[in-house]
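> Following is a predicted model, sequence given first.
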Amino acid sequence: MTTALLEDRPTRCPVLIVDLDGTLLRSDLLFETFWSALAADWRSPVRAALTLRAGRAALKRHLAAASVVDIATLPYDADVLTYVRDWRAAGGRTALVTASDEGLATRIADHLGVFDEVHGSDGARNLKGAVKADFLTARFGDGGFAYMGDAPADLPVWERATKAITVNAPAALRRRVAAIGREVEHLGPARAAVGPYLKALRPHQWLKNILVFLPMIAGHRYDLATLGLSLMAFVAFSLVASAVYVLNDLLDLSADRAHPRKSRRPFASGNVPIAHGSWMAAGLLAGGVLVSASLGWAFLGVMSVYFVATTAYSLNLKRRTIIDIVTLACLYTIRIVAGGVATGIALSVWLLAFSVFFFFALAAVKRQAELVDGVRRGQLAATGRGYHADDLPLISQFAVSAGYVSVLVMALYVNSPAVGELYSYPPALWGICLVLLYWITRMVMVTHRGGMHDDPVVYAAKDRISQICVILMFGAGLAATFL
């Protein structure tokens, strides 16, 4: 950007009008406030629906009051901010004019310090589209301003502006803006990247859904029909789990943005619009329901329990000490139950007891990792959780104790009469017990030293030592079966 251009802009058009949602902000405050209010109170959608009867402006004011949005951590567009600062540096005036609630817009303007005036929806008037165009024309005159926006709703405003500036607009919208006949400038790419959308699904987390195959493996049922049913259960869980991950990210926006790593997640960073996330969650859930229904009403019932439990966890239970760890352990175990229901394989008490204690240990390691990370960053409490730094030694004890009990359950199972019916050489299974004892101890130690990923399952999938442990346990199982 040359100095001559900077000096010329304010001379020809002294006022730069900047839209907020999707333009200055790589997000939408309507959805930001909706999900923030829902995270605080599950009854908020009902109240929002009642408020909507008075109009969209009233809804925006209600949600602004019912939500807690951290203005400082919102995903601002760096290119837009640079453009606005350059405009002011060249002597021009700037104004933030948005359909979002004026109270939130004012807080954002005060935080950024780059706008001379602010206007937004006031609870009665929704400052959008033609209404915004009329307002700006009345205030600055027809052609008395340049306008920076991002959506088709901005077309009536661009028609009244002396210059149209688009931000991350798709090619079709760029052509419509060019057809208006005004001077046009485009900022940002014309096409959204697919990568962030795939990342929002967290496909790496589908690794946990392999647990649906455990009943088939434990029951030594390796026929194609059983494998096919297990695969369908895996697909159903992956779709529903991704829907839940999207929902959880939308509810956790503020907490994620306050975290050094989670702030790079697609919705928290603004790489995927929150509005798209709302539709993604609904579509993924619908797909999961269809696949689940094809496996029978019993499996659909198990999936319903899983979805309700995960939703309750996202809305409330994750902030409840101990209950959150128990819930996570149960969510892992539900996957095993679902695999048994899908294939018609009865689950042994040994398998269920082992899974409850083992996954309780992993859930405790997850909380331990969050606390260790928080302590290193000087936080006295885990953001969005019910734990404090002083709880760290106790959480570590939970992880070790539950993990060792799971190994004990495995050892008792090795000596049970049922093992002799399934394995030709049961003593080889002791190798699994020894490797598990080592692996659990090491996981707690790695977490204690601050080396754990936010999710121990994801960490284990990438960790070379954990991979070797899996190979050793698999070898012990083969030896017990074929020796």
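Cool, got the structure.

> How many residues are close by residue 298?
When neighbours are defined as other C-beta atoms under 10 Å, residue 298 has 13 of them. Every C-beta, even on glycine, is put in place using the N, C-alpha and C of the backbone.

> I'd like the mean pLDDT over the host helix or strand of it, please.
Applying DSSP states H and E as the criterion places residue 298 in helix 297-315. The average pLDDT for helix 297-315 rounds to 90.

> Name the next helix or strand downstream of that helix, please.
helix 323-343.

> Show me what the helix holding residue 298 is in contact with.
With C-beta atoms under 8 Å, 6 or more residues apart in numbering as the contact definition, helix 297-315 has outside contacts at 38-39, 42, 233, 236-237, 240-241, 243-244, 247-248, 251-252, 285, 288-289, 292-293, 324, 327-328, 330-331, 334-335, 337-338, 341-342.

> which regions of the stretch 101-250 of the chain sit below the pLDDT cut-off?
190-192 (pLDDT under 70).

> On the strand side of things, show who the closest residue to residue 182 other than its chain neighbours bridges to.
Spatial nearest neighbour of residue 182, excluding adjacent residues (C-beta to C-beta, 6 or more residues apart in numbering): residue 164 at 4.9 Å. Residue 164 forms beta bridges with residue 147, residue 184, as assigned by DSSP bridges.

> shouldn't residue 164 be in contact with residue 181?
No. Checked against C-beta atoms under 8 Å, the pair residue 164 and residue 181 is beyond contact range at 9.7 Å.

> Look at these two and report which has more neighbours.
Set residue 164 next to residue 181 and count neighbours by other C-beta under 10 Å: residue 164 wins out with 25 against 9.

> just the buried members of the contacts of helix 297-315?
Buried members of the contacts of helix 297-315, counted by 16 or more other C-beta atoms under 10 Å: 38-39, 233, 236-237, 240-241, 243-244, 247-248, 251-252, 285, 288-289, 292, 324, 327-328, 330-331, 334-335, 337-338, 341-342.

> Confirm residue 225 sits in a strand?
No. Assessed with DSSP: H, G, I helix; E, B strand; the rest coil, residue 225 is helix; it does not lie in a strand.

> circling back to that earlier point, tell me which residues of the helix holding residue 298 are tucked away?
Buried-residue list, helix 297-315, by 16+ other C-beta under 10 Å: 299-300, 302-303, 306-307, 309-311, 313-315.

> could you check the angle helix 323-343 makes with it?
Put simply, helix 297-315 runs at 160 degrees to helix 323-343, going by axes from the mean of the first three to the mean of the last three C-alpha atoms, to 10 degrees.

> How far off centre is helix 297-315?
18 Å (C-alpha atoms, centre = their mean, to the nearest Å).

> Using PDB, write down the CA coordinates of it.
The C-alpha trace of helix 297-315 is given here as PDB (Å, rounded to 0.1, in the frame of the first residue of the first chain):
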ATOM      1  CA  TRP A 297     -33.900 -49.500  18.300                       C
ATOM      2  CA  ALA A 298     -31.700 -50.800  21.100                       C
ATOM      3  CA  PHE A 299     -28.600 -49.300  19.400                       C
ATOM      4  CA  LEU A 300     -30.400 -46.000  18.800                       C
ATOM      5  CA  GLY A 301     -31.300 -46.000  22.500                       C
ATOM      6  CA  VAL A 302     -27.700 -46.400  23.500                       C
ATOM      7  CA  MET A 303     -26.600 -43.600  21.100                       C
ATOM      8  CA  SER A 304     -29.400 -41.400  22.500                       C
ATOM      9  CA  VAL A 305     -28.000 -42.000  26.000                       C
ATOM     10  CA  TYR A 306     -24.500 -41.100  24.700                       C
ATOM     11  CA  PHE A 307     -25.700 -37.900  23.100                       C
ATOM     12  CA  VAL A 308     -27.700 -36.800  26.100                       C
ATOM     13  CA  ALA A 309     -24.700 -37.500  28.400                       C
ATOM     14  CA  THR A 310     -22.200 -35.700  26.200                       C
ATOM     15  CA  THR A 311     -24.500 -32.700  25.800                       C
ATOM     16  CA  ALA A 312     -25.000 -32.600  29.600                       C
ATOM     17  CA  TYR A 313     -21.300 -32.800  30.000                       C
ATOM     18  CA  SER A 314     -20.700 -29.900  27.600                       C
ATOM     19  CA  LEU A 315     -23.400 -27.700  29.200                       C
END
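
> Where does the prediction get shaky in the stretch 301-450 of the chain?
In the stretch 301-450 of the chain, residues with pLDDT under 70: 379-385.

> Tell me where it has helices.
Assigned by DSSP state H, counting those that start in this stretch, the helices in the stretch 301-450 of the chain fall at 323-343, 349-376, 392-414, 417-422, 430-448.

> what distance separates the start and the end of stretch 180-193?
One end of stretch 180-193 to the other measures 28 Å (C-alpha to C-alpha, to the nearest Å).

> if I look at residue 121, how far off is residue 273?
20 Å (C-beta to C-beta, to the nearest Å).

> nope, residue 280 is what I meant
For residue 280, the distance to residue 273 - C-beta to C-beta - is 10 Å.

> same check, this time on residue 355
Counting by C-beta to C-beta - residue 355 and residue 273 are separated by 38 Å.

> just residue 253 next, same as before
For residue 253, the distance to residue 273 - C-beta to C-beta - is 12 Å.
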